[in-house]
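Engineer: Show me the folded form of this:
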Amino acid sequence: MPAIAARRVVSAIFFMGGALIGLWASRIPDIKLSTGLDESGFGLLLLLMACGAFVAFPFTGLFVDRLGAAPVTKVLAAATLVSFAMIGVAPTTPVLAVAMFLSGLCFGAMDVSMNGWGAEVETVLGRPIMSSFHGLYSLGAGIAAAAGGVAIEAGLSVKVHFLIWCVATAPLLIWFWRQPWPQSVSLGGRGAKAPLFAIPKGALVFVGLMALVSALGEGAVTDWAALYQIQDLGYAESVAPTAFTVFSFAMVVMRLAGDRVIARFGPVAVARWSGVVAVVGCLLLISGLNIWAVWAGCFIMGIGYAVQFPLAMSRAASDPHMSKGAALAAVATLGYGAFLFGPPLLGFVGSAFSLRTSFVTLAVLSLALPFLAGSLKVRD
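Structural biologist: Alright, predicted model coming up:
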């Protein structure tokens, strides 16, 4: 299978993954309403989804190393689509809880394996492409979320909406399965099979910290930027969501353009200056000088954080001291752990002090990104 064709397949899988997240996000209020649970009860359901992903990470690394990233991704793409369909048709809250755990499990596993397959294609092509994969993921999430708004306006139930989307996406699975790709099995640079629970080693520790900080930044803007504008800055509720919109737009634009920038200047330089840009964006957001400064800060933060996670995943896949699956699983655990659990911790900081203090904390952590960038260089 030509590498160009493989790139199209992996791109489609990333887009599909993002679209499923956008589909889910657009109907969260309706799903919560159908359960009759309060915020804390529904939060436990969300925690089940996160736990499913964390259970999946180490096992997926093991399967990627022993079976190859491409075949594992193909199986998981089908399983992920089925698990999200289960969320839509779940008749009771206990069944929904099981479906959410399974969707987190399948999606978390697919995230590791599709990054592994993307890294293989990147290696064959001999140029950076990982950032564009993540850009398509973000684009898919945005399009599906917008389509969700249309579905809500049209009065579609959650069940009908999910089934229509999953049935419409199903033909992609046939296309995925029909595309061959040479099986690439990695047993690690030292010739030993990957352990079940991988711990980052050497420079990969710092790569994982890069993923952690950038994912925390994305999660913080997603969860707290709007509330920060309303509570701390006193802006109108109607304009507050714009901050996340401009942040997401910047993420998509930078990720789609990131491969060319990385090819031109190299991953270390791009990560280093992106870290500086992220800090500048945080400072603008913290300043709260006016609404335009806040939105500009979110846009600049999106530019700064956009390529950090793709670069970390690409570096993990080429680590000389750990097998590809183990390295990807280790970095994914740190990155997605920060995305899922970091914002609640920042919320505790905001509750104790203020949400501005939470973003100050993020700015301080982001200061580490320029210094961690050197870990992206692969040393034999």
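
Engineer: which stretches of the stretch 101-250 of the chain have low pLDDT?
Structural biologist: Residue ranges of the stretch 101-250 of the chain with pLDDT under 70: 179-199.

Engineer: Just the pLDDT at Trp295, thanks.
Structural biologist: pLDDT recorded at Trp295 is 93.

Engineer: That one and Glu237: what is the separation?
Structural biologist: 15 Å (Cβ to Cβ, to the nearest Å). C-beta: built from backbone N, CA, C; applies to glycine.

Engineer: what about the two, which has more around it?
Structural biologist: Relative neighbour count places Trp295 above the other of Trp295 and Glu237, with 20 against 10, counting by other Cβ atoms under 10 Å.

Engineer: mind listing what's buried in stretch 76-94?
Structural biologist: 76-88, 90 (16 or more other Cβ atoms under 10 Å).

Engineer: what does stretch 283-291 contact?
Structural biologist: Here stretch 283-291 makes contact (Cβ atoms under 8 Å, 6 or more residues apart in numbering) with 225, 228-229, 232-233, 235, 239, 243, 293-294, 296-298, 300-301, 356, 359-360, 363.

Engineer: please redo it, this time with the cut-off set to 10 Å
Structural biologist: For stretch 283-291, the surrounding residues in contact (Cβ atoms under 10 Å, 6 or more residues apart in numbering) are 220-221, 225, 228-229, 232-236, 239-240, 242-243, 247, 292-301, 355-360, 362-363, 366.

Engineer: does Leu204 really touch Asp319, like I thought?
Structural biologist: Yes - using Cβ atoms under 10 Å, Leu204 makes contact with Asp319 at a distance of 5.3 Å.

Engineer: Of the buried residues of stretch 76-94, just say which sits nearest to Ala3.
Structural biologist: Nearest to Ala3 out of these is Ala77 (Cβ to Cβ; 19.5 Å).

Engineer: what helices or strands is the helix or strand containing the closest one leaning on?
Structural biologist: Assigned by DSSP states H and E, Ala77 falls within helix 69-89. Based on contacts counted as 3 or more Cβ pairs under 10 Å, 6 or more residues apart in numbering; DSSP states H and E, the elements that helix 69-89 packs against are helix 3-26, helix 39-67, helix 93-125, helix 158-178, helix 324-352.

Engineer: ok, back up a step: what do Leu204 and Asp319 both touch?
Structural biologist: What both Leu204 and Asp319 touch, as defined by Cβ under 10 Å, 6+ apart, is the set 326-327, 330-331.

Engineer: Contact partners for the closest residue in space to Leu334 that isn't next to it in sequence?
Structural biologist: Distances taken as Cβ to Cβ, 6 or more residues apart in numbering place Gly208 nearest to Leu334, at 3.9 Å, with adjacent residues excluded. By Cβ under 10 Å, 6+ apart, the contact list for Gly208 reads 199-200, 312, 315-316, 327, 330-335, 337-338, 372, 375.

Engineer: please redo it, this time with the cut-off set to 6 Å
Structural biologist: The contact partners of Gly208, taken as Cβ atoms under 6 Å, 6 or more residues apart in numbering, are 200, 331, 334.

Engineer: Arrange the shared contacts of Leu204 and Asp319 in TSV, one row each, with pLDDT and distance to Asp111 as further columns.
Structural biologist: Output for the shared contacts of Leu204 and Asp319, formatted as TSV (pLDDT from 0 to 100; distance: Cβ to Cβ, whole Å):
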residue	pLDDT	distance to Asp111
Ala326	82	15
Ala327	87	14
Ala330	84	13
Val331	88	11
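
Engineer: Nearest to Ile152 among these?
Structural biologist: Using Cβ to Cβ, those come closest to Ile152 at Val331, 35.9 Å.

Engineer: quick revisit: which among the shared contacts of Leu204 and Asp319 count as buried?
Structural biologist: Neighbour-count burial (16+ other Cβ under 10 Å) is assigned, among the shared contacts of Leu204 and Asp319, to 326-327, 330-331.

Engineer: and the two most separated of those residues?
Structural biologist: Within those, Ala326 and Val331 form the most distant pair, 9.8 Å apart (Cβ to Cβ).

Engineer: what about the spatially most central residue of the chain, distance to Ala240?
Structural biologist: Nearest residue to the geometric centre of the chain (Cα atoms, centre = their mean): Tyr336, 7.0 Å. Distance of Tyr336 to Ala240, given as Cβ to Cβ: 26 Å.

Engineer: ok, now Ala211?
Structural biologist: 28 Å.

Engineer: Then Pro344?
Structural biologist: 20 Å.

Engineer: and what of Thr123?
Structural biologist: 43 Å.

Engineer: Settle it for me: which of those two has more neighbours?
Structural biologist: When Thr123 and Ala240 are compared for neighbours, Ala240 comes out ahead with 19 against 15, by other Cβ under 10 Å.

Engineer: who touches the more buried one in this structure?
Structural biologist: Neighbours of Ala240 in contact, by Cβ under 6 Å, 6+ apart: 226, 229-230.

Engineer: which one of those has the most neighbours?
Structural biologist: Gln229 (25 neighbours).

Engineer: May I have the secondary structure class of it?
Structural biologist: helix (DSSP: H, G, I helix; E, B strand; the rest coil).

Engineer: going forward, begin numbering at 38 instead of 1
Structural biologist: Understood, numbering begins at 38; the last thing we discussed is Gln266.

Engineer: dump the residue contacts of it.
Structural biologist: Listed by Cβ under 6 Å, 6+ apart, the contact set of Gln266 reads 272, 277.

Engineer: Sounds good, over and out.
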